[in-house]
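Student: Need a 3D model of the following:
(2 chains)
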Amino acid sequence: MKRLLDPSSLRALARGCAVLGAGGGGDPYIGMMQALQATEDYGPVALVDLDELPGDDLIMPCGMIGAPTVSIEKILNGDEGGRLRENLEFMTGRKVAALMPAEIGGSNGLVPISWAARIGLPVLDGDGMGRAFPEVPQVAMHLAGISPSPAVMTEERGNLIAFRTISGHWIERLERAAAVEFGGNAASTEYILTVAQAYTGTIRNSISFAIRIGEALAAAQSDPVAALIAEIGAFHLVAGKVIDVERRTTKGFVRGSVIIEGLGADTGKLIRLELQNENLVALERGRVLASVPDLITVLDSETADAIPTERVRYGQRVTVIAFGCDPLWRTEPGIAIAGPRAFGYDFDYLPVEELAGARA
Amino acid sequence: MPAPDCRLGIDVGGTNTDAVIMDTDDRVIATAKVPTTSDITGGIASAIDTVLTAPGAEPSRISHVMLGTTHATNAVLERRNLRRVAVLRLGAPATLSIRPMFGWPAELAQTVSVGAAVVEGGIEFDGQDLSTLDTDAIARFLGEVGDQAEGIAITSVFAPVSPRHELEAADVVKRELGEIHVSLSHEIGSIGLLERENATILNGALAGVARDVARAMREALTAHGLQPVTYFAQNDGTLMGLDQALRYPVLTIGSGPANSVRGAAFLTGISDSLVVDVGGTSTDVGVLVNGFPRESSYGVEIGGIRTNFRMPDLVTIALGGGTVVSGDSIGPRSVGYRLAEEALVFGGTTATLTDCAVAAGRASVGDADRIGPHRARLTEALARADVMLGEAIDRMKTSKDARPLIAVGGGSILVPDQIPGVSEIIRPEHFDAANAVGAAIASVSGQVDRIFHVGAGGRQAVLDEAQEDARERAVAAGADPDAVQIIEIEEIPLAYLTSPAIRVRVKAAGALGGVPGRQLAARLAQQARLADTVAD
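Tutor: Below is the predicted model of the structure:
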């Protein structure tokens, strides 16, 4: 066991998940409260590494699919995760050894911990994305050739759907439609894999990484933004003020842009962020500073709390940072499903550190 | 005797209670400033007595009284006079993963709660039933806690989409327990179940505090033979009637800062500016946009409890006229309302920022000779206070362009004549009563915060519907229908969902209707009935 997820590590994890959300994934607050109550009622959850688990057992990637705005109102029952596991074990005839967040960014980084506490299973130190992405197939398991099926989806009342689809595209399409019928939000698992497959088919150590971010922020004496940048080797893009926010919704995505005007040492800089649920691209006078799949996060300049895209408002004092994604996303297939062209942009991906190097 | 045509505005601050009388032409007739008392009610009565006996006050001309106060916040912080509440959530089998009041400070939860239940019921975001409302379970819960409960707080999942389960549950309460204070979440907060539930529980807890304040006001006014229409200022600086304030006291929990900002706008005629309000203990810096305070984008915490109230966006620093200067440190301790005895220039022995302002020649109050040998040290301390103030002001600015600043509050003599990034400093007449003026001139508002489904009419049809709804609410609350304007509109698309839905927040506000004739008589009759319940 790597560590016990106690209340203080859960609070740190929540702050880290917000930073790794890159603007998306929903507010981790509700997920944190669920995890805090579940661990208070059922005891703390063990965070484990792959070496501690039997190679043939299953890892269950899981989380919520749907609108985060619904999940702050229609909060989970708590038994969803147990039901997913029961049905998965029934369908596959195999044992689930550990739960894993399908997505570390935003609220989904915490929800599996509350389920794990209730069913007495450990949580694997890893996830499917290393950040937040809008679509189900944008996961490391997909890159590793793992099938999305069988997938299971359930909700608070106990309704449950099992899926066998021919592709990641179909699982995204069917689950998203079912989430609307379930009331805008539901619990799901897809892309299940064995412990042996998980060595290369997941993003490793992302929960520890998120906790480290939260702990660095909490420990920072005077300048938490600087502490965060130092801790994770992020690039400072601009510190300034939000001077324009434009948002519109199309086909379930919040698209839009945010303009930040530099202040202090950054006076004269004008940075534009393009967003689609998450922050996708940062531009300065048409020049790309960073883009997906690297992470771009907007921080409150004073507290270094990550500000989700739907909460960015005119006049806020913010610092925009960017940092490198997991190397899995920088491979050709990774860039194909999560690079700028996958989001409709007409330019090639360059790693954030190369872009920064070219400017220097 | 002339017809009653004057308004009496009262603002209860941490240090002082201010009162102002204004006539129909919005002229200030009289002002008063008295120390706030620990029971709140003594200070209100004293402010009313003082302002009504001021030269030119003519008490018989008072037709309306408006009260703004932060007393409810203090009651929560000090756990004082809080009622015991039964907490009912409608949402099972959803929501069970976080129980009501999880995360509250333990002793506050114990003080307030007589028990909590989560029963089947609640609404989906599209307006359908989440589950069928279990009225039997509600009745059973009420049977268990009815003896001890002084109020019931009811919160349904997605009540902002449809309040029908909350209303049905309220009927069950009436049937089982008769007349008991009931708080319904859809009247109180917006989307965000836990925050709205917290605010609804606090509302039930504060019902007694609101009643005491209403009673004290009524007694003080009756002593002068007055029976004006009574309003309370809300967090956003707009007004609600006495009936609403008694049912929903939590909505008045932080009206002070909004009153100051609105008062500053009114006294200067400026609608877009920075505003600094310097009191005895602290300084608030706010921003005036279109005549209203800019709101914070995050919900506020009250006594460690998360709510989703939008309050004026403020930076507050511990600098005020009574702030104690000792050695190298400035504050946060303040002599508060004892300034007039304890400051050096008033014959006391404590060096305060007021003494610093006198030492530096910025203000001329009290006896400057008493500064004596401290002059250099105090002048230097004032320079450091100026830097702190300048930083607070800079944090609220939204662009690097220099902006005007309106300085109000009794301690605003501390504000220097030049501040970096400030184009001019405006010090209006009656600056020290801006908060009470803000209460007196406040308008009446109506608000909508709901998730709408984008149907055939498209987005515009939804926005139109929301605006119409907000206007109707403002008029229902007493606004002049011809004067109602949409003052804020915000739309937030629901992300990660293919079915088009948007969350729309609209606020409409307008000046108080004339309240003449029949309407006035009806309001007064209603108020008299309420007064009976207040008096027992």
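Student: How many neighbouring residues does the spatially closest residue to residue B:133 that is not a sequence neighbour have?
Tutor: Distance criterion Cβ to Cβ, 6 or more residues apart in numbering or on different chains; nearest residue to residue B:133, sequence neighbours excluded, is residue B:121 at 3.9 Å. Where you see a C-beta, it was placed from the backbone N, CA and C, and this is true even at glycine. By the criterion of other Cβ atoms under 10 Å in any protein chain shown, residue B:121 has 28 neighbours.
Student: so who does residue B:121 touch?
Tutor: For residue B:121, the contact set (Cβ atoms under 8 Å, 6 or more residues apart in numbering or on different chains) comprises B:90-92, B:129-134, B:156-157, B:165, B:169.
Student: for residue A:187, same thing?
Tutor: Per Cβ under 8 Å, 6+ apart, neighbours of residue A:187: A:62-65, A:76, A:80-81, A:84, A:111, A:153-155.
Student: Is it located within a strand, as I assumed?
Tutor: Yes. Assigned with DSSP: H, G, I helix; E, B strand; the rest coil, residue A:187 falls within a strand.
Student: Report the distance from the longest helix seen in chain B to the chain centre.
Tutor: In chain B, assigned by DSSP state H, the helix with the most residues is helix B:375-396. Taking Cα atoms, centre = their mean, to the nearest Å, the mean C-alpha location of helix B:375-396 is offset from the chain mean by 29 Å.
Student: Tell me how the chain divides into domains.
Tutor: Reading this off chain A. Chain A is divided into the following domains under automatic domain parsing: A:3-206, A:222-359.
Student: ah, no, chain B please
Tutor: With domains defined by automatic domain parsing, chain B comprises B:6-75+B:210-268, B:83-205, B:315-438, B:444-511.
Student: For residue 138, grab the count of nearby residues.
Tutor: Just so you know, I chose chain A. 24.
Student: To clarify, I was referring to chain B.
Tutor: Using other Cβ under 10 Å: residue B:138 sits among 26 other residues.
Student: so where does residue A:212 fall, helix or strand?
Tutor: In the assignment (DSSP states H and E), residue A:212 maps to helix A:206-219.
Student: Please enumerate the helices of the stretch 251-360 of chain A.
Tutor: Taking DSSP state H, counting those that start in this stretch as the test, the helices found in the stretch 251-360 of chain A are A:332-338, A:352-359.
Student: Give me the buried positions along the first one.
Tutor: What that stands for is helix A:332-338. Using 16 or more other Cβ atoms under 10 Å in any protein chain shown as the test for burial, helix A:332-338 gives A:334-335, A:337-338.
Student: Let's verify the residue of the stretch 1-150 of chain B found nearest chain A: helix, strand, or coil?
Tutor: Nearest residue of the stretch 1-150 of chain B to chain A (Cβ to the nearest Cβ) works out as residue B:97 at 3.6 Å. Put simply, residue B:97 is coil when judged by three-state DSSP.
Student: Setting the sequence-adjacent residues aside, check what's closest to it.
Tutor: Of all residues not flanking residue B:97 in the chain, residue A:78 sits nearest, at 3.6 Å (Cβ to Cβ, 6+ apart).
Student: for residue B:417, same thing?
Tutor: residue B:425 (6.1 Å).
Student: Partner strands of the helix or strand containing the one you found, with direction?
Tutor: Following DSSP H and E, the helix or strand that holds residue B:425 is strand B:422-426. Paired neighbours of strand B:422-426 in the sheet (DSSP bridges): strand B:403-408 (parallel).
Student: pLDDT (mean, whole number) over the partner strand?
Tutor: The average of the pLDDT scores along strand B:403-408 is 95.
Student: What angle do helix B:375-396 and it make with each other?
Tutor: Using axes from the mean of the first three to the mean of the last three Cα atoms, to 10 degrees, one finds that strand B:403-408 and helix B:375-396 are set 120 degrees apart in direction.
Student: Give me the distance from strand B:403-408 to the chain's centre.
Tutor: With Cα atoms, centre = their mean, you get 22 Å for strand B:403-408.
Student: what do you get for stretch A:234-245?
Tutor: Centroid displacement of stretch A:234-245 relative to its chain, using Cα atoms, centre = their mean, is 21 Å.
Student: ok, that stretch near chain B or not?
Tutor: Yes. Part of stretch A:234-245 sits near chain B under the criterion Cβ under 8 Å from any Cβ of the partner chain, namely A:241, A:243.
Student: Alright, calling it a day.
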